[in-house]
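1. Sequence and predicted structure below; questions after.
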Amino acid sequence: MALSESQRRAIRHPLRWLFNPEPEQPGEIPRKELAFYTLGFWGQNHLYNMAGTNWFFHFCTNVLKIHPGTVGKMTGAVTVFDALNDPVAGAIIDNHRFKDGRKLLPWIKWTSPFIALTSFLLFVNWHFSSTGTQIFYSVMVYLCWDMLYSFQDASLWGMTAAISTHSAQRARATQWADNGAFLGGLLPGLLLPMLSGNGAFGLTQQQVYFMFAVVMCLGGGFQSLFALGTTERVRSLPREERTVWSNVGALRHNYILLLFLASEILRACGPNVADAYIYQQMTFQVGGKAISAPLVMTILGTIFGLPGSALKFFATKIADRVGGMKRLLVIGVVTDLLTRVIGYFIGIQTLPRQILVSMLGSISYLPNSIYSIAMRSMLSDSVEYVEWKTGERTEGITMSVRNLMSKMGGAIARFIQGRCLVFLQFSADRVEQGRPQNAHFQKWVWPVYRLGPALGLALGLVPLLLLRYPDALKQKVESEMAQRRELREERAEALES
């Protein structure tokens, strides 16, 4: 197949092609904007994959030596509290306009430096004299980080709806943003082999965490400022009579968002433990030598993750082939569920078995690598749908509730993880001393790790099957909204003249 002129330019001068400030076709988003948008998400997800995932939980149990049940309650309660504030943050974003008329990008500008600092402070061990003081400090810093993140994340993802009036271009922006988020998670993934045993290269676990906090949290927070290179093309005037709570009430019109919310919460309800707890003390025999399981997992994950990672760059085309974004979501959940169950019966007692399980993970990752793109794309369409329905744009509230989904799901999952670790009788002291966990842990950790999330996947599938947004309705919404905007511009010009 012959290459297009654009593809030939990309091969000859990749950086010049990538940062081209002019659109190739009328209505297209310039690649320079998409590149800066991608870099912003890359940085944001450096710090999110440190502070917002299981690494903070692991830091609390293994470095701060806080009881896992207490960590589960602590992180779960704080995340639930802040998740309830997410819709309020989104409503504030929707209600407020800055002096230049924008409502999203200034939030990114002012929150990013403070998010960098608070996420870094989460991984500093001050060696407080009492566990109670350590818990209080961790809760306060985590709460500050989480609340700031609500505004930044809603604004960043809100740009997928405000960056273009065309659904295809919004999906394109979502694809680039998600690829940036994916790239941002790669380096934090190196933590697992670095934490094998007590730490790598003669470093303690505390030192490893501090090093990653400097690079990922501080560096990533400031890198997220690259997103300021994008443009808010879709703007709306605030209505003075609307309150924050009336904006929250507008959620009832967004059935797409509400079904996604139900799905995410149900998915989090399965028993679970993080990878670090099952692989940290394992070894595999390779050529008569014991190789740490975290190192093996990193290598296998890199190799078997490549096909799915490559598909992320073709998400919109794949969705068209399988019949739309919604069908892609369902395929991803079903594939993940089936491969988890099959992998449970294979086990990971030997390296060949682990390779088979990793291959199953690769199969599952093929559709699930695009899961987030599909969901975000449908959410950006839902903003247009709500404006068509009510006359109000809701980028802030919609994307903040997507953030709420993640936090509520994470809070539930972490609380359940804490209870699972208590049930499993996990001991951080055994890890530090290089001793294996007890027989009870060895017996039950694999079923909890492998089958527990499968239960959540089955529950979360139900709301997805109820979701309906056919192409005919999408096209009707986009066509009528284009007419409304044209009429609005004509009226504005008439008033000026």
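-> Sure thing, it's come through.

2. quick one: the residue lying closest to residue 438 once chain neighbours are set aside and residue 67, what's the gap?
-> Using C-beta to C-beta, 6 or more residues apart in numbering and skipping residues adjacent in sequence, the residue nearest residue 438 is residue 425, 5.7 Å away. Bear in mind the C-beta positions are built from the backbone N, C-alpha and C, glycine included. Separation of residue 425 from residue 67 (C-beta to C-beta, to the nearest Å) stands at 12 Å.

3. Touching, residue 362 and residue 309? I think so.
-> No - when contacts are counted by C-beta atoms under 8 Å, residue 362 is not listed as touching residue 309 (10.2 Å).

4. More neighbours: which of these two?
-> residue 362 (18 against 15; other C-beta atoms under 10 Å).

5. Low-confidence stretches in the stretch 51-200 of the chain?
-> Within the stretch 51-200 of the chain, the ranges that satisfy pLDDT under 70 run 83, 192-200.

6. Helices along that one, start to end?
-> Ranges of helices within the stretch 51-200 of the chain are 54-62, 68-95, 105-121, 131-162, 167-184, 191-194, based on DSSP state H, counting those that start in this stretch.

7. Adding distance to residue 406 and mean neighbour count, write those helices out as CSV.
-> Formatted as CSV, the helices of the stretch 51-200 of the chain follow (distance: least, C-beta to C-beta, whole Å; neighbours: other C-beta atoms under 10 Å):
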stretch, distance to residue 406, mean neighbour count
helix 54-62, 13, 23
helix 68-95, 8, 21
helix 105-121, 15, 21
helix 131-162, 8, 22
helix 167-184, 12, 23
helix 191-194, 20, 20
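
8. Adding distance to residue 371, write those out as CSV.
-> Putting the helices of the stretch 51-200 of the chain into CSV (distance: least, C-beta to C-beta, whole Å) gives the following:
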stretch, distance to residue 371
helix 54-62, 19
helix 68-95, 20
helix 105-121, 24
helix 131-162, 15
helix 167-184, 9
helix 191-194, 22
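
9. Any idea which of the ones you listed gets closest to residue 230?
-> Closest to residue 230 of the helices of the stretch 51-200 of the chain is helix 131-162 (C-beta to C-beta; 5.7 Å).

10. what's the angle from that closest one to helix 54-62?
-> Relative orientation of helix 131-162 and helix 54-62, computed by axes from the mean of the first three to the mean of the last three C-alpha atoms, to 10 degrees: 180 degrees.

11. quick one on the thing from earlier: residue 425 and residue 67: who's more crowded?
-> Set residue 425 next to residue 67 and count neighbours by other C-beta under 10 Å: residue 67 wins out with 18 against 13.

12. what sits against the more buried one?
-> residue 61 (C-beta atoms under 8 Å, 6 or more residues apart in numbering).

13. List phi and psi for it.
-> Backbone torsions for residue 67, taken as degrees, to the nearest 10, come to phi -60, psi 130.

14. any idea how far residue 73 is from it?
-> Distance from residue 67 to residue 73, by C-beta to C-beta: 9 Å.

15. sorry, back to before: can you pull the contacts of the residue nearest to residue 438?
-> Shown in contact with residue 425 (C-beta under 8 Å, 6+ apart): 437, 438, 440, 441.

16. Only the buried residues of the helix or strand that contains residue 477, if you could.
-> When elements are assigned from DSSP states H and E, residue 477 belongs to helix 471-496. Buried positions in helix 471-496, judged by neighbour count with 16 or more other C-beta atoms under 10 Å: 474, 477, 478, 481.

17. how far out from the middle of the chain is that helix?
-> Averaging C-alpha positions (C-alpha atoms, centre = their mean, to the nearest Å) puts helix 471-496 33 Å from its chain's average.

18. and if you look at stretch 150-163?
-> With C-alpha atoms, centre = their mean, you get 13 Å for stretch 150-163.

19. All the strands of the protein, in order from the start?
-> Ranges of strands in the chain, per DSSP state E, are 283-286, 289-292.

20. And the last one, what's buried?
-> Okay, so that is strand 289-292. Residues of strand 289-292 classed as buried under the neighbour-count rule (16+ other C-beta under 10 Å) are residue 292.

21. Give me the sheet partners of that strand and which way each runs.
-> Strand 289-292 has the following sheet partners, assigned by DSSP bridges: strand 283-286 (antiparallel).

22. show me what contacts residue 347?
-> Per C-beta under 8 Å, 6+ apart, neighbours of residue 347: 353, 357, 446.

23. Same check on residue 128?
-> Going by C-beta under 8 Å, 6+ apart, residue 128 touches 134, 137.

24. quick one, phi/psi of it?
-> The phi/psi pair for residue 128 (degrees, to the nearest 10) is phi -60, psi 150.

25. Quote the end-to-end distance of stretch 359-376.
-> End-to-end distance for stretch 359-376, by C-alpha to C-alpha, to the nearest Å: 27 Å.

26. And the contacts of it?
-> For stretch 359-376, contacts defined as C-beta under 8 Å, 6+ apart pick out 157, 160, 171, 174-175, 177-178, 181-182, 260, 301, 304-305, 307-309, 311-312, 315-316, 318-319, 325-326, 328-329, 331-332, 335-336, 339-340, 342-343, 346, 402.

27. Any idea how far it is from the middle of the chain?
-> Offset of stretch 359-376 from its chain centre (C-alpha atoms, centre = their mean): 13 Å.

28. could you give the mean pLDDT of it?
-> Averaged over stretch 359-376, pLDDT sits at 89.

29. for stretch 265-273, same thing?
-> 91.

30. Tell me the span between the first and last residue of it.
-> Across stretch 265-273, first to last residue, C-alpha to C-alpha, it's 17 Å.

31. Just the residues contacting that stretch, thanks.
-> 405, 408-410, 412-413, 416-417, 420-421, 424, 445, 448-449, 451-457, 459-460, 462-463.

32. Give me the residue ranges of the stretch 201-350 of the chain where confidence is low.
-> For the stretch 201-350 of the chain, the stretches with pLDDT under 70 are 201, 236-248.

33. Residue 146: what's its closest spatial neighbour, skipping adjacent residues?
-> Using C-beta to C-beta, 6+ apart and skipping residues adjacent in sequence, the residue nearest residue 146 is residue 82, 4.1 Å away.

34. what residues are up against that neighbour?
-> Applying C-beta under 8 Å, 6+ apart to residue 82 gives the contacts 143, 146, 147, 150, 407.
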